[in-house]
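Colleague: everything below, folded, please.
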Amino acid sequence: MRIKMEKVNSFNGYLNVFKEKGMTSHDVVFKARKILKTKKIGHTGTLDPDAQGVLVLCVGQATKMVEYITDHEKVYEAEVILGRETDTCDLSGTVISESDQRIGRDAFESILTQFIGDIRQKPPIYSAIRVNGKKLYHYARNGESVEIPERDIHVAGISLLEFCEDSQKARIMVTCSKGTYIRSLCRDIGSALGSLGCMGNLIRHRVGTFSIIDALTLAEIAEKVSHDQIESLFYPLAYSLDRYQCVRATEQGRKFLLNGNKLFQWNIHESLDDFYLGETLRLYDGDQLIGMGRYYQNDEGNYIKPTKLL
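Modeller: Here you go, the predicted model:
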């Protein structure tokens with residue numbers, strides 16, 4: 001169901017795109033720029049070419065909000081293929097090992113609990129993470145060895161949707177933090193079962209409050225643009241930022257906020273006691289989102305420093 005949206009500038013806001021298989025995230029951005037006839041577009045989290053689902057694009061002023069949208073929790077539907085390991089951790093790669101170990105549904109479902117909560121994960125070598133200033137996939141393509149550091153991620157939940165004992169394939173739904181590699185998760189699930197694992201199909205169902213139900217293909221976006229329905233495509237700049245508390249400048253504090261100066265207790269409506277040190281906050285002038293800030297404390301006292309202004 002479409003949300004009721006406030007009126008936004010035609011080229012300032014978020015696009016909820018359904019990325020289809022066979023396209024890179026960069027391809028989507030490139031095509032969206034041509035459709036909208038604007039260059040100022042960025043995406044909020046890469047989807048591999050074989051994956052599909054929600055890819056949020058930030059357009060115009062919304063490009064300044066990329067890091068905050070990228071930070072959202074994500075939901076994926078993934079196919080786990082047991083008994084096979086590839087160099088990319090998915091079906092696009094070369095098979096490097098196979099196992100004839102047979103896994104039952106109960107054993108598979110039980111092992112999933114090990115991957116819920118705060119866990120450490122080693123990303124695939126075929127990824128864009130930088131180690132010593134170079135992306136990991138460059139090491140892989142050049143046949144160079146490199147130590148891949150583990151990363152802290154959070155998996156809020158995993159549920160089993162389907163398991164086929166004959167084919168040794170399963171479908172799982174995963175709710176996780178940014179930085180989680182579902183390919184690595186599939187690999188690690190297979191390893192924990194005493195077998196091997198890689199990822200098959202992948203669908204991203206949600207990024208924050210951007211849902212696959214409302215996502216539009218590039219063809220659908222192009223059709224709306226051709227019918228002069230551009231504004232109906234965009235979500236406003238404040239959409240999906242409810243996880244961040246609001247700070248509203250007083251009349252006296254308005255000039256400070258608009259100039260990007262520090263905000264103290266005397267020039268905001270909210271109590272600084274309601275925030276924790278380092279907390280990221282939404283900054284408002286009346287009902288208008290002005291940008292984002294962070295709560296600090298030093299010898300000057302407690303204050304909020306604008307970190308990103310629209």
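Colleague: how much space is there between residue 110 and residue 103?
Modeller: Using Cβ to Cβ, to the nearest Å, residue 110 is found at 11 Å from residue 103. C-betas here are computed from N, CA, C, even on glycine.
Colleague: the more surrounded of these two?
Modeller: Comparing residue 110 with residue 103 by neighbour count (other Cβ atoms under 10 Å), the higher total belongs to residue 103, at 22 against 12.
Colleague: what pLDDT is listed against that one?
Modeller: Note for residue 103: predicted pLDDT of 97.
Colleague: residues contacting residue 77?
Modeller: 161, 171, 172, 173, 174, 201, 202, 203, 205 (Cβ atoms under 8 Å, 6 or more residues apart in numbering).
Colleague: distance check, it against residue 200.
Modeller: 11 Å.
Colleague: swap in residue 178?
Modeller: 23 Å.
Colleague: what do you get for residue 179?
Modeller: According to Cβ to Cβ, residue 179 stands 22 Å off from residue 200.
Colleague: could you spell out the sheet neighbours of the longest strand along the chain, each with its direction?
Modeller: Using DSSP state E, we find that the single longest strand of the chain is strand 151-164. Strand 151-164 pairs in its sheet with strand 117-121 (antiparallel), strand 169-176 (antiparallel), by DSSP bridges.
Colleague: show me what counts as buried in stretch 132-139.
Modeller: By neighbour count on 16 or more other Cβ atoms under 10 Å, the buried set for stretch 132-139 is 136, 139.
Colleague: quote the end-to-end distance of it.
Modeller: One end of stretch 132-139 sits 11 Å from the other (Cα to Cα, to the nearest Å).
Colleague: the residue nearest to residue 276 when sequence neighbours are not counted: neighbouring residues, count only.
Modeller: Ranked by Cβ to Cβ, 6 or more residues apart in numbering and with sequence neighbours excluded, the top spatial neighbour of residue 276 is residue 295, at 7.0 Å. By other Cβ under 10 Å, the residues close to residue 295 number 20.
Colleague: with residue 300 instead?
Modeller: 9.
Colleague: spatially nearest residue to it (excluding sequence neighbours)?
Modeller: Residue 300 sits nearest to residue 262 (Cβ to Cβ, 6+ apart), 7.8 Å away.
Colleague: hmm, residue 305 and the one you found touching each other?
Modeller: Yes. When contacts are counted by Cβ atoms under 8 Å, residue 262 is listed as touching residue 305 (5.4 Å).
Colleague: what about the helices in the chain?
Modeller: 25-36, 66-70, 105-111, 136-141, 182-192, 218-226, 254-258 (DSSP state H).
Colleague: tell me which of those helices is the most buried.
Modeller: Most buried of the helices of the chain, by mean neighbour count (mean count of other Cβ atoms under 10 Å): helix 182-192, with a mean of 22.
Colleague: what is that one packed up against?
Modeller: Counting contacts by 3 or more Cβ pairs under 8 Å, 6 or more residues apart in numbering; DSSP states H and E, helix 182-192 packs against strand 74-82, helix 105-111, strand 117-121, strand 169-176, strand 197-207.
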